[in-house]
Every structure is written in structure tokens, then in C-alpha cells.
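>>> pasting the sequence and the predicted coordinates here, then a few questions.
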Amino acid sequence: MAVRANVECCVVQGSYRSRSGEDGPETIVELWCRAREGHSVLLLVHGMRPYLDIAVPGRPTAELPEDIEQRLERVRQTNGVTRVHEPQEKWTELGTKPHWRVEVKQPYAMTNRQGSGVRDKLEDDWETTSADIMFVNRLFYDNDVGPHIRADAEVLWASDSAPEELLATLPETHRGDEARTESAERVRESGGEGLYPVDLIVSCNMTQVTQCEAFPAPFVLFSFDLETSIAEETILCAAAVVQSGDERTEHTFRGSEREILEGLTRLVRESDPDIITGYNIDNFDLPRIESRMKALARGTDIQSASELFGWGRVPVFDADGGRLLPKKDTGRRRTWRIQGRCVLDAWWQARMTLRPQRETLRFVAELLWPERDDLHKLDVDASRMDEEWAKDPDLVLEYCLRDAILPLEILSHIHAVERKEALAAVARVPLEVATAGTTSQWIDSMVIRLADREGVAVPRTSRGGKTEQIEGGYVHEVEAGLQPWVAVLDFKSMYPSIMISNNVCYTTRIDERKRPDEEVPEDAHESPFGASFLPASSRRGLVPQLLEHLMEQRDIHKRALDDAQENGDGSAEMFHDQMQFAVKILMNSFYGVFASNFYRFTHPQLGASITAWARSNIKQIIGQLEDEGHPVVYSDTDSVFVTAPIDESAPTLEPEEGSDREAWDKTCAELIGFGQELAEKYSVEGAELEFEAGLSVFFSHGAKKRYVGRKVWPRSEMLVRGYEVRRSDSFNLLTDVMTGMFELILDGESNEAVQHILQLIKRVRAREVEPADLVISRSCKGRVNPDGSIDFTRVYTNPDGLPFVRAAKQRIAAGLNFTPGMKVGWLVTNGKKSPMTIEAWLQEETGVEQTDYDPEFYAKRIATALGRISEAFGWSADDLLKGNRQATLFSF
DNA sequence: ACCAGTTCCTAC
DNA sequence: TAAGGTAGGAACTGGT
């Protein structure tokens, strides 16, 4: 008798299987999930059919073509087509017209090669839509669910790790190791591949899969690291750490390469992780395991290969063994695909969230945990791994294990898993799409399901080439010098707001050429660009609907976040904070996707209109403010920096602790009042202006996107934008001295600031500064050749003219890892030559001290960067280098 | 000394 | 091929 169970889980990844049964072809969706209670689940979903929609090409006609029946009959007779549904009206760019849903045998029948797929064949006579949707996505769209689902399902098998209460309800034929053989057969009967390496295997119909409220799923993480020989390409040893909740288990592997790889594979299959991590595993460890697996496996025997690298969450004993092996996807997908799991590389996550100056694991560990020597102490020279391994294998193994632990620490520190799960929940995609997918996939997930509900046909992603660039945001000129008392105002979610209030959407764009008979109401929204959009009363756009919903969602999470903070509920606080952040990210992604020239619901007029409205709004406000006597000192896209009308006798410096603050506090209050007043005055429905910050002083050297300010509201802090201080390709010494300089300038001590610089330049020339503080770094591209070497010529016109390419080449020559896109550091050893000579900075990895640098180069570079700023006070870069001023134009 | 071209990184 | 956007500053090379 069938036992049913209610499962609440988060979908990690989905896939599908095809079979032909007695009732014809069937496509079964496989969902790999982690249940709320902690066990892993494989869910087989039945009842879905692959399909596409077809319509008569061109503008809709009053009558269908006379031969429509014959045409449809030809469709029915097309090889691969199993059924044609009754027509439904759907909106297209050319008007609303009937669409027939065409079911096909299997997903592959849609697009199989040589133009013989159903889609290709039908395209000659029909307009095809909904014809490039990945089959698994259909479950999420058609059922309107996200990653957190509830399924009322039949239990096919449960391991002993499944929840006790569930096991108690199961007959012996359905549980534990003794029931493996017959259970595997049962799973196959239900369309699965056999006994998947999970805790619970269940099956249900798509109607039994419903949305459940998002919850933090107790994912299992697997982090690993390899140490490899530099001379031989072989693997010397490996370490892995499995994390489940707060528990961690550590494992080390040594011996023959075969033993190491088999050991890792057994551990993956036994510990059953959802997420695979490590440091730069996408570019280093996973490719290395693959190449060693190929060298060690017996020919092309899948069985033998899978013993070494069968990390996929599918049964081992199966003819269809291709899914057992991880694969680097075709195309330029950044990460690997491991069936049933997702790869979350700590390197990439750290890079994106921390923007470290350098990207070695050592550097990131030191950045995050400066006090913890045990995490970044260097005891092994990575560039001499063979010698180190020969000398002290235990030490190398210890080092390897530490490098397997660190990625888990990094992911946890930056809440990477929570962030990805929240993104998945808001975009309503499997976890793997949140971690490895693209922005347009997230937007697709939100837009397509709404389009389906609203009867809008879903066009294919266009393959058009480059089109003309659209005009972007407006940036106001900024004058060099100090400006006291400035209020910063900005539009709240400017682009989303514009899209909502003007009903901007692919489905609302008025196009008299494409739809000449469409009624154009008087109150259409006409953008300054010239394009027009229907008012919401005629047709509400998909995008405005989605954005409005997201805005509401964000408010809900923000309120829940406040409540959680008040109640001291840490986990709820984390959850709602991640959710509101994910909503923000997704809201801001809409504009970019719709302004791109390839997205399926795109038209160049959409992006151009949005930015035109934005420019018009901000310029109008600037004009009004200036007319009213409030000078605008700066503005960028959605912000305005306005001089507050504050009496010249008011203090501009915050008084010392304890001294009389009355005048200061009063002035701050005036500034705040002014800011709030402006925000209220200039806010209109759909274009809300917010008082963002109050600055007691603002400074720029006169370049757009570069400024600093002393914030007095809402918090006291220094605000810096654009300057070297913010840039990851600056060097510490410059960053530090510039930060100090800004502090002094904002305090009105520009003379003092200049004196500091002069002294620093002296110290640099006397070689009295730490070489580590002079390391410059930039990211470096490259193409990996089949043999693993890097080709720089395919990405750079003159690679050897670029210092970072030379630094990358030095790294490679030293036997250290280089992966395209990674940041490389260097010291300039002779700046007089052209190109300058440099030395790659390898000290963090080799432990070998590097002291050679060109003092004059650094003196000059510091003088140039700081001179731009001190120029406002009469000190040019040359003056700084000379140590005195020729002529005094100003006095301070 | 100055210029054009290439490249990266940042602000929105 | 697969793919969110534009505006803008600055460093450097390799020329005149």
C-alpha cells in the first residue's frame, strides 16, 4: 500500500527524465531538495507535458485563414507533436490573436538537431512563442511556486536518516538498506533513475506541489581543497570539511591519487551535500580533479570514472551515467554543474562582496580575521609544493585542511548561503539558479509566469547583434573646492518608480506601425524621448505590476526586520534582512535587463524612455532649486546636492567634546529642516524625493563622480565616492594618506594636509615605507588554452604593454595559480622605463620577502593623485614633489 | 608636452 | 557562443 507524506523543502536543483510508457511519452521532473527537518529529498513530479505555442504570423485578421484546419492538421502530423490544444487569445506585438498550444513528445523533440525539431519545423509557417523555456522552469511558472515548496507525495524509499516519525509509518519494503533493491525498482517504475543517494525519495503529481512560506533550509555544505604537484600536475593530498548546521566533520586524504579521489567521492556521496564550496574550485580544483580522473580512469568507462569523480546526486549503477560526473557547462558559464547540488565558490563570493585588493585566500583571511594568526599564518611555500610535501607531508596536510575550513568561514561571514536562498525565494527559482544563473533568468522567472497568467505570448530571446547605445543618466558638473552645509536628496528607487508611474512595459508601448488599429488614449504617458505608453487604465504592464509587488514586499520585510530587531530575534532579523536586500537587488535589475538589447521582452524605446524621464526629472528639480536661490553643487542620475541657506557666521566645524555645542546643534537642525522640507516639497506621486544625508561640508577637486563630505545626518561619518580611497587598484599608502588628507581638508586644515603629504613623499624617497603598502593590483583577463596555459593575446591588443599581464606571467612562471579574471599584485621597480618594469607580489604565497621598488615612481604617483586635490588650495603635483610653492596664488 | 587608444574600476 | 545598463575618471603605452 502506498504511504503518503507531506514534505516541506527547498529545491536545490531540478532536472528531468523522459520515458515512453504504455500511455505514451512521459516527462518526469526531478527535484533535489533539502527538507525543513534536515533530511535530503528527491521529488519526482509527474503530469507535465512539454509544449510551445503557435500563431498565424503577422497582424491578426478578422477571420482565420481559410485553410487553418489543414494547417493545423499538418501540425498534428508533424513528427514529435502529440497534441494540439484549442486556441486561446494572446497578446503579441502585432496585436491579440489566437494561439494554439502544441504538445511535443519530449523536451528534446522541441529543438533536436539538424533543424528537425518541432520548433524549427513549425517556424516556417507559424509564429512560435513560449518555445525556449527550459522544461523544469515550467513547473515553477505553471504551478506558480518558488524554491520553498510543499508536496503531498508518495514515499518510494526512505533511508535510516529520514525522520523517525516518517520511518515509523513505512513498511519494511520501503525503508533502509535491506529494501534497496526492490525500492530502486519502485523508483524506476515511478520514472526515476534508481536509488538516488538521498535520504528520502518521493513521487507526486504536479498538482500536489504547492508554494510554502520561505524558511531558512538546513543545507549541508561540503568544502574541499587539493594540494597539487607543480612539476607533475598530480594531486598530492586533499582535505574536506562537511558542515551541517553547527556541526563540522573534518577529513584528510593521502596515498595514491586514485585513493584520494575515491575517498573524496565516497565522502561526497555519503555526506550528501547540497552545496559544494572551496577557494577557486571552479577554476582550479574541479578542473584538476577532472583532468586527473581522465588520466586515471580506464578508458571511457563511466563506472571507473564515477568512482573517481561521481559527485552527481544520481545512482551509481545506471547505464545513463553521464549525470554522475560534474561538468563545466558549455558556453561561458562561470561555474560547474554538479547534478543535484550547487557549486558556490568562496573565491567568487568573497570577490563580489568584499572587493578585496588581492584575492589570495591568505589575503582574504587576513582581511576578515586580522587577529587570528592561526588562519593566515604562512608555514608552507605554495610555489614549492613538491619540496614541502617531500619534507613534511603532515604539515602540508594540515595546511590543506585549513584551506578547506576557510571557505566555510568566509561563506558564513558574508552570509552567502542565506543571501542566495533569499534571492532564490524572491525570484522564485531553484537555489542553483540563484547561485549560478544570470540576471535575465531571475527576471524571466518573475515575468514569464505573469505573462502566462495575463495572456501575453512569450517571445524568444532575440539573437540580434549590437544596437545603438541608449543615453544614460545625467551628471552635473562640479566645481573644485569646499562647500559648506549641503543637503543630499535622492529619488527613491528612481528607475523602478518611473517604470511604475509611467506604466513602462513591453506590453504597453504604443507602436502605431505594428498595431495601427490600437486605440491610443489621450492620457498615454509620453516620454521626453518620444515613445508613448498606454495608461494603466487601458492595460496594466507586466513590469509595473511586478515592481509594485516587489516594493510592497520590501516594505513588509523591512517592517518585519524592525520587529525582529526589537524582539531580539536574531534568526528572523537575518531572514528579513536578506529578503529585503534580495528584493532590492531584483528591483534594480529590471531596468538593466529591459534596457539590454537581447532580452525577450525588450525594445530600445523602453530603456531610452526610462532614462529620458530620469534626466528630465532631475534637471527640472535642479532648475527649480536654482531659481529659488538654492545652488546645486552636484547631481548624479537620481541625486541632488543642494547648498543649504545657512548664515555665514554659523560654525562649520563640530566643536570639541564638552565645549559649547549650541550653535553647532542649531545649524545641524537647520540643515536637517531644510533637507526634509525640500524632500517634501519636491516629492510627487511616483517620484518620491528623499532627504538622504546632511553634510556640514562637501569637497570635490572638480571631477564628476569624485567627492567627499562630512556627514552630520543621519550619522556622523565621512562620505567618500570615486577617489582612490574607494578603489581596489590603489595601494595602501596612497589610500591611507588620502583618507587623512580628506579628514584635514574637511576640518579646514588644508595647510596641515599639505605638510603631511610633503613628509610622506620624503619618507617614500628615503625608502622608509613598507613595500607591502605599495602593492598595486588589478584584475587580469586571459583565455585558458586546452593544455591549461593562458593566452593573453586573444583578450589584449598589446598584452606585454600592460603591467598586470606581466605580473600574471611572473606568477605563472613562479608556479603559482593564475585564473583569468583574478586580481594580481605588483611593485613598480622602475617607472622611468616604458613600459615600466614591475615585480609580481608573491610574498603572501611564498613567504619570500620582497623589498625592491622605485621610490621616485611612487613619490610621483602619490603627488599626482594628491596634487589633484591640493590644487584647490594652491599646491600642484609639481609643488608637492619639489616641496615648496613657486608662487602663492591664495593664502590660507 | 601632448595626444589617441586601451584598460580597469567606480557611481549611479 | 551568452549576455542587466550608461557615464565618467584615471593610469598607462606608444606615438608625435
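Okay, I see it.
>>> where in the stretch 101-250 of chain A is pLDDT low?
A:113-115 (pLDDT under 70).
>>> can we see that at 80?
A:112-116 (pLDDT under 80).
>>> show me the helices in it, by range?
Assigned helices in the stretch 101-250 of chain A, in chain order: A:107-111, A:118-123, A:135-142, A:164-169, A:180-189 (criterion: DSSP state H, counting those that start in this stretch).
>>> and the third one, what's buried?
Right, helix A:135-142. For helix A:135-142, a neighbour-count test (16 or more other CB atoms under 10 Å) marks A:135-141 as buried. Placement of C-beta: from N, CA and C, glycine included.
>>> likewise the second one?
Of the residues in helix A:118-123, those scored as buried under the neighbour-count criterion (16+ other CB under 10 Å) are A:118-123.
>>> go through those and say which is closest to A:E573.
Within the buried residues of helix A:118-123, the smallest distance to A:E573 is 47.8 Å, found for A:R119 (CB to CB).
>>> my read: that closest one touches A:Y108, true?
No: the criterion here is CB atoms under 8 Å, and A:R119 misses it with A:Y108 at 11.3 Å.
>>> minimum distance to A:L881: which of the helices of the stretch 101-250 of chain A has it?
helix A:135-142 (60.9 Å).
>>> identify the residues contacting that closest one?
Contacts to helix A:135-142, defined as CB atoms under 8 Å, 6 or more residues apart in numbering, come from residues A:14-16, A:27, A:29, A:31, A:45, A:48, A:50, A:107, A:133, A:145-146, A:206, A:209, A:428-430, A:444-445, A:448-449, A:452.
>>> could you export that helix as CSV, CA atoms only?
What follows is helix A:135-142, C-alpha atoms only, in CSV (Å, rounded to 0.1, in the frame of the first residue of the first chain):
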residue,chain,number,x,y,z
PHE,A,135,11.3,22.3,-19.1
VAL,A,136,12.0,22.3,-15.4
ASN,A,137,11.1,26.0,-15.2
ARG,A,138,7.7,25.2,-16.5
LEU,A,139,6.9,23.6,-13.1
PHE,A,140,7.8,26.7,-11.3
TYR,A,141,6.0,29.0,-13.7
ASP,A,142,2.9,26.9,-14.4
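>>> that helix near DNA strand C anywhere?
No: against DNA strand C, helix A:135-142 shows no contacts by CB under 7 Å from any atom of the strand, the least distance being 13.4 Å.
>>> where do the strands sit along the stretch 251-400 of chain A?
A:275-277, A:327-328, A:336-337, A:342-343 (DSSP state E, counting those that start in this stretch).
>>> quick one on the thing from earlier: dump the helices of the stretch 101-250 of chain A to a markdown table, plus distance to A:N502.
Below are the helices of the stretch 101-250 of chain A laid out as a markdown table (distance: least, CB to CB, whole Å):
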| stretch | distance to A:N502 |
| --- | --- |
| helix A:107-111 | 37 |
| helix A:118-123 | 35 |
| helix A:135-142 | 27 |
| helix A:164-169 | 53 |
| helix A:180-189 | 53 |
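>>> those: which one's closest to DNA strand B?
Nearest to DNA strand B among these is helix A:135-142 (28.1 Å), distances taken as CB to the nearest atom of the strand.
>>> interface residues of the stretch 501-650 of chain A facing DNA strand C?
A:588-589, A:591-593, A:595-598, A:607, A:611.
>>> max-length strand in chain A?
strand A:4-21 (DSSP state E).
>>> quick check: next helix or strand after that strand?
strand A:24-35 (DSSP states H and E).
>>> what lines up beside that following strand in the sheet?
Sheet pairing for strand A:24-35, assigned by DSSP bridges, gives strand A:4-21 (antiparallel), strand A:40-48 (antiparallel).
>>> turn those into TSV, columns for distance to A:N798, mean neighbour count and mean pLDDT.
Listed next are the strands paired with strand A:24-35 as TSV, based on distance: least, CB to CB, whole Å; neighbours: other CB atoms under 10 Å; pLDDT from 0 to 100:
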stretch	distance to A:N798	mean neighbour count	mean pLDDT
strand A:4-21	43	19	95
strand A:40-48	52	23	97
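>>> now distance to DNA strand B too, for the ones you listed, in JSON lines please.
Output for the strands paired with strand A:24-35, formatted as JSON lines (distance: least, CB to the nearest atom of the strand, whole Å):
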{"stretch": "strand A:4-21", "distance to DNA strand B": "30"}
{"stretch": "strand A:40-48", "distance to DNA strand B": "38"}
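>>> any chance of the ones you listed in CSV, plus distance to A:F691?
Listed next are the strands paired with strand A:24-35 as CSV, based on distance: least, CB to CB, whole Å:
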stretch, distance to A:F691
strand A:4-21, 40
strand A:40-48, 49
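>>> quick one: the longest strand of chain A to chain centroid distance?
Distance of strand A:4-21 from the chain centroid (CA atoms, centre = their mean, to the nearest Å) equals 26 Å.
>>> which residues does A:S493 contact?
A:S493 touches A:551, A:587-588, counting by CB under 8 Å, 6+ apart.
>>> A:Q580 now?
By CB under 8 Å, 6+ apart, the contact set of A:Q580 is A:554, A:557-558, A:561.
>>> which of those residues ranks first by neighbour count?
Within those, A:H557 tops the neighbour count with 23 neighbours, counted by other CB atoms under 10 Å.
>>> any idea which helix or strand carries the closest residue to that one other than its chain neighbours?
Nearest non-adjacent residue to A:H557, counting by CB to CB, 6 or more residues apart in numbering: A:Q580, 3.8 Å away. Assigned by DSSP H and E, A:Q580 belongs to helix A:570-595.
>>> in the helix or strand that that helix is followed by, what counts as buried?
Per DSSP H and E, helix A:570-595 leads on to helix A:604-627 as the next helix or strand towards the C-terminus. Of the residues in helix A:604-627, A:604-615, A:617-618, A:621-622, A:625 count as buried by neighbour count, 16+ other CB under 10 Å.
>>> and A:G825, which of the three is it?
Three-state assignment for A:G825 (DSSP: H, G, I helix; E, B strand; the rest coil): strand.
>>> isn't it up against A:Q357?
Yes: between A:G825 and A:Q357 a contact is recorded at 7.4 Å, counting by CB under 8 Å.
>>> can you pull the residues of chain A lying near DNA strand B?
Taking CB under 7 Å from any atom of the strand as the contact definition, chain A meets DNA strand B at A:355, A:473, A:490, A:494, A:636-639, A:705, A:720-722, A:726-729, A:778-781, A:795-798, A:802, A:804, A:823.
>>> low-scoring stretches of the stretch 401-550 of chain A, by residue?
A:462-466.
>>> for it, which residue gets nearest to DNA strand B?
Closest point on the stretch 401-550 of chain A to DNA strand B, by CB to the nearest atom of the strand, is A:G473, at 5.7 Å.
>>> once you drop chain neighbours, what's closest to that residue?
Nearest to A:G473 is A:T637, by CB to CB, 6+ apart, at 3.3 Å.
>>> show me the contacts for the residue nearest to A:A840 when sequence neighbours are not counted.
In space, and not counting its chain neighbours, A:A840 is closest to A:Q810: 3.7 Å by CB to CB, 6+ apart. Going by CB under 8 Å, 6+ apart, A:Q810 touches A:826, A:839-840, A:842.
>>> wait, a helix at A:Q810?
Yes: according to three-state DSSP, A:Q810 belongs to a helix.
>>> from DNA strand C, how far off is it?
15 Å (CB to the nearest atom of the strand, to the nearest Å).
>>> how near is that residue to A:T829?
Counting by CB to CB, to the nearest Å, the separation of A:Q810 from A:T829 is 11 Å.
>>> and A:E290, by the same measure?
For A:E290, the distance to A:T829 - CB to CB - is 38 Å.
>>> just A:N884 next, same as before
29 Å.
>>> between those two, which has more neighbouring residues?
A:T829 (15 against 8).
>>> next, that one: secondary structure please.
The three-state assignment at A:T829 reads strand, by three-state DSSP.
>>> wait, it touches A:A840, no?
No: applying CB under 8 Å, one finds A:T829 not in contact with A:A840, separated by 10.6 Å.
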